[in-house]
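Peer 1: here are the coordinates; sequence isn't available:
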């Protein structure tokens, strides 16, 4: 056979074989082939969901130490709660827990104090738990009032701790 005939015969044989291979790869009924259920005579469509999960977060900032005066009076400190969700604010003291009538102490010696909190929807609030909307920054002012000390108050450093707890 001449070279032209051999080349034509080879092209026909190879073409027929490749068609059979591609025909076998096409989707068959029952296979996971193309889904034409959302197609109409006008075209096809598909929806792709888009999501973003934002985790709950809060920070408490500020809150400088409160140094009371032996002459008595009121001292304050400012703090802020920044939260991206509703939260519960729990205020307490180390010495009396949830009472705003508390004290600073030095060993067994006590000097009475009164604590009030304003801000974030609170007005002269005492200790305990309150619900807050969050979704931003809530600013608070804590005020601690004490009477003047007398000779009956033992010398030394008296202390208490104002506790701020935030939960979701």
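Peer 2: The structure has been received and is ready for your questions. Just so it is clear, the model here is predicted, and its values are computed rather than measured.

Peer 1: how far does stretch 114-123 stretch from start to finish?
Peer 2: The straight-line separation of the ends of stretch 114-123 (Cα to Cα, to the nearest Å) is 14 Å.

Peer 1: The residue nearest to residue 93 when sequence neighbours are not counted: neighbouring residues, count only.
Peer 2: The shortest distance from residue 93 to any non-neighbouring residue, by Cβ to Cβ, 6 or more residues apart in numbering, is to residue 102 (4.7 Å). Bear in mind the C-beta positions are built from the backbone N, C-alpha and C, glycine included. For residue 102, the neighbour count with other Cβ atoms under 10 Å is 23.

Peer 1: what's the helix or strand for residue 102?
Peer 2: For residue 102, the host element (DSSP states H and E) is strand 101-106.

Peer 1: Would you quantify the distance from the residue nearest to residue 93 to residue 38?
Peer 2: Shown here: residue 102 relative to residue 38, a distance of 68 Å by Cβ to Cβ, to the nearest Å.

Peer 1: For residue 42, grab phi and psi.
Peer 2: Taking degrees, to the nearest 10, you get phi -100, psi -20 for the backbone angles of residue 42.

Peer 1: likewise residue 155?
Peer 2: phi -70, psi 150.

Peer 1: give me the number of residues near it?
Peer 2: Residues near residue 155, counting by other Cβ under 10 Å: 7.

Peer 1: Distance check, it against residue 111.
Peer 2: According to Cβ to Cβ, residue 155 and residue 111 sit 12 Å apart.

Peer 1: now swap in residue 123 and tell me
Peer 2: Distance from residue 123 to residue 111, by Cβ to Cβ: 26 Å.

Peer 1: The two: who's more crowded?
Peer 2: For residue 123 versus residue 111, neighbours defined as other Cβ under 10 Å are more numerous around residue 111 (20 against 8).

Peer 1: That one and residue 145 touch, don't they?
Peer 2: No. Between residue 111 and residue 145 there is no contact under Cβ atoms under 8 Å: 11.4 Å.

Peer 1: List the contacts of residue 69.
Peer 2: Counting by Cβ atoms under 8 Å, 6 or more residues apart in numbering, residue 69 touches 75, 146.

Peer 1: Residue 93 now?
Peer 2: Contacts of residue 93 (Cβ under 8 Å, 6+ apart): 99, 102, 115, 127, 160, 161, 162, 163.
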